[in-house]
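S.K.: My questions are about this predicted structure, shown below with the sequence.
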Amino acid sequence: MSHMPSRTSTAIGCTLLVIALGVGVTSCGSDGNPLSAAPYDAADQIAFNGPSGDGRKADPDKPLEVTTEDSDGRITDVTARDAAGRYVAGELSADGTRWHSTSPLAANARYTVRVSTEDEDGAPGRKVLTFDTSRPTTKRLTVTFGPKAGKYGVGQPITAELNRPVKDKKQRATVESALKVDSIPAVKGAWHWVDDKKLHYRPAEYWPTQATVHAHSNLEGIKIGDRLRGGKAKPLTITTGDRVIAVTDAATHQMTVYKNGEVIREIPVTTGKPGYDTRNGVKVVLAKEGTVRMTSASIGASDFYDLTVHHSVRVTNSGEYVHAAPWSTGSQGYANVSHGCTGMSTANAAWFYDTISEGDLVEVVNSGGDTMAPFGNGFGDWNLPWKKWRVGSALVGDTPDGPSPAERARLRPQSV
């Protein structure tokens, strides 16, 4: 039979515990510990610079500020986010008397601010504030992502076209921080400002095969400049296929086509003759155009030609293609006789056309031509080494290469 302790023995035990713990402990329960109490309403301890009347809205151009009015208390934590889940960055003073936002607010948004405090005895307090920001009276910066949704090769960059120029570095950083690109599987990548209205995004290496890449913007309503705020942007999702790379050696007059690292075909070719040398470097396939009329006038050639060309795959905006060239089969594999394009037999061109996809990679080596420019004539993005690519970012251009903040947060401490 179990023995139930009497109320007298419990009281004695409690008395002994009080004596053992010393003066100030008045109970065997948790009521004596101020940290165990439910947070009290700290409304009378804090001041907030937001709107106080019904129907009033905060100016999104002004930072948030929360201060304590209790000389013996302090603020321990502040979180502020809008209805879309976007957090507002902020700083809390070392003495806990003031918190202020350090990132811009969105216009025409509802915010919830949660303030945690503690009084002189360490008891926790809490206050939840809500407010709306007013509609902007400024211009909107809209973003259009590219390419179109679909399936592409592993070399396809993501593009962002702005409707207005952004020149200031701080404003560029605000824009860039709101343009998000995520992939499955995840890879390290960065934006590069091509000019004041255009950005390109690419990973350090080519995209993984069979990946899903999603681009979206958190810029809507965010202040960029004195009279400029972010507008809406339609998100974009693309997928990648196999890793197809066609490497043309202009010195040996051979193209080697690789699929996922394995050679799948070797093709005799001819490239640009002296004065019309094919550009060296990596080019992303822009389009499969099929039958194209090519004339000497289109490239300013001195010798006249006007040809209907089949199985044409465009790799530059200025008119460089990989295509069928039945008129030069005697030179293919032996000499460079074209006006800059890469020519091959009709049978090989038909196979290449069926094998290659937009976003796949065509690389030329050992040509007498210049290297493909990174921008302005198609996608030469991969001709910039990763270190130089990062320099074009307003966010990471001045920082050493390494894990992203999200990656650093996941890293475990190493033993010493």
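M.R.: Yep, it's here. This is a predicted model, so every value here is computed, not measured.
S.K.: Flag the shaky bits of the stretch 151-300 of the chain, pLDDT-wise.
M.R.: 296-300 (pLDDT under 70).
S.K.: Now do the helices in it.
M.R.: With DSSP state H, counting those that start in this stretch, the ranges of helices along the stretch 151-300 of the chain come out as 169-178.
S.K.: So Q332 lies in a helix, does it not?
M.R.: No: going by DSSP: H, G, I helix; E, B strand; the rest coil, the assignment for Q332 is coil, not a helix.
S.K.: Give the closest residue to it in space, chain neighbours not counted.
M.R.: Counting by C-beta to C-beta, 6 or more residues apart in numbering, Q332 lies nearest to P268, which is 4.3 Å off, once chain neighbours are set aside. Yep, even glycine has a C-beta here, placed from its N, CA and C like the rest.
S.K.: how about that neighbour, what does it touch?
M.R.: Residues near P268 by C-beta atoms under 8 Å, 6 or more residues apart in numbering: H253, Q254, M255, Q332, G333, Y334, M344, S345, N348.
S.K.: Dig out what the third one forms beta bridges with.
M.R.: Beta-bridge partners recorded for M255 (DSSP bridges): T248, I267.
S.K.: Could you give the number of residues near it?
M.R.: Per other C-beta atoms under 10 Å, the neighbour tally for M255 reads 26.
S.K.: Please apply the same query to the last one.
M.R.: Using other C-beta under 10 Å, N348 is surrounded by 23 other residues.
S.K.: I figured it hits V257, correct?
M.R.: No: the criterion here is C-beta atoms under 8 Å, and N348 misses it with V257 at 9.9 Å.
S.K.: which neighbours do those two share?
M.R.: Contacts common to N348 and V257, judged by C-beta under 8 Å, 6+ apart, are R265, I267.
S.K.: What about the nearest residue to W351 once chain neighbours are set aside, how many residues nearby?
M.R.: Distances taken as C-beta to C-beta, 6+ apart place R265 nearest to W351, at 6.8 Å, with adjacent residues excluded. R265: 14 surrounding residues under other C-beta under 10 Å.
S.K.: wait, isn't S134 in contact with N108?
M.R.: Yes: at 7.1 Å, S134 counts as touching N108 under the criterion of C-beta under 8 Å.
S.K.: Check which helix or strand L395 maps to.
M.R.: L395 belongs to no helix or strand when elements are defined using DSSP states H and E.
S.K.: change the start of the numbering to 19 and stick with it
M.R.: All set: I'll call the first residue 19, so the last point we hit is now L413.
S.K.: Show the pLDDT at it.
M.R.: Per-residue pLDDT puts L413 at 95.
S.K.: Distance-wise, check the residue lying closest to it once chain neighbours are set aside relative to S411.
M.R.: Of all residues beyond its chain neighbours, the one nearest L413 is E194 (5.2 Å), with distances taken as C-beta to C-beta, 6+ apart. Distance, E194 to S411, using C-beta to C-beta, to the nearest Å: 7 Å.
S.K.: shared neighbours, these two?
M.R.: Common contacts of E194 and S411 (C-beta under 8 Å, 6+ apart): W209, W211.
S.K.: Need phi/psi at W407.
M.R.: Here is the backbone geometry of W407 (degrees, to the nearest 10): phi -60, psi -40.
S.K.: okay, now the residue lying closest to it once chain neighbours are set aside: neighbour count?
M.R.: Nearest non-adjacent residue to W407, counting by C-beta to C-beta, 6+ apart: H210, 5.5 Å away. Using other C-beta under 10 Å, H210 has 24 other residues around it.
S.K.: shouldn't H210 be in contact with K216?
M.R.: No: using C-beta under 8 Å, H210 makes no contact with K216, being 9.6 Å away.
S.K.: one step back: tell me the one of the contacts of P286 nearest G171?
M.R.: Closest approach between the contacts of P286 and G171, by C-beta to C-beta: M273, at 16.2 Å.
S.K.: how close does that closest one get to T288?
M.R.: Going from M273 to T288 by C-beta to C-beta gives 10 Å.
S.K.: what touches both of these two?
M.R.: By the contact definition C-beta under 8 Å, 6+ apart, M273 and T288 are jointly contacted by T360, M362.
S.K.: Name the next helix or strand downstream of the helix or strand encompassing H328, please.
M.R.: Using DSSP H and E, the element containing H328 is strand 324-332. Next helix or strand after strand 324-332 toward the C-terminus (DSSP H and E): strand 339-342.
S.K.: That following strand: what's the following helix or strand?
M.R.: Going down the chain from strand 339-342, the next helix or strand is strand 360-362, by DSSP H and E.
S.K.: Would you mind listing the buried residues in the next helix or strand after that following strand?
M.R.: Helices and strands here follow DSSP H and E; after strand 360-362, the next one along the chain is helix 364-373. Buried residues in helix 364-373, counting neighbours by 16 or more other C-beta atoms under 10 Å, are found at N366, A367, W369, F370, Y371, T373.
S.K.: Show me what helix 364-373 is in contact with.
M.R.: With contact meaning C-beta under 8 Å, 6+ apart, helix 364-373 is reached by 262, 264, 275, 277, 282-283, 285-286, 306, 308, 328-331, 340-344, 362.
S.K.: Which of those are buried, as a PyMOL select command?
M.R.: PyMOL command restricting these to the buried ones, with burial defined by 16+ other C-beta under 10 Å:
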select buried, resi 262+264+275+277+285+286+306+328+329+330+331+340+341+342+343+362
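S.K.: before we move on, back to that, what distance do you get for the residue nearest to W407 to P203?
M.R.: From H210 to P203 the distance is 22 Å (C-beta to C-beta).
S.K.: cool, and R182?
M.R.: Taken as C-beta to C-beta, the span from R182 to P203 is 35 Å.
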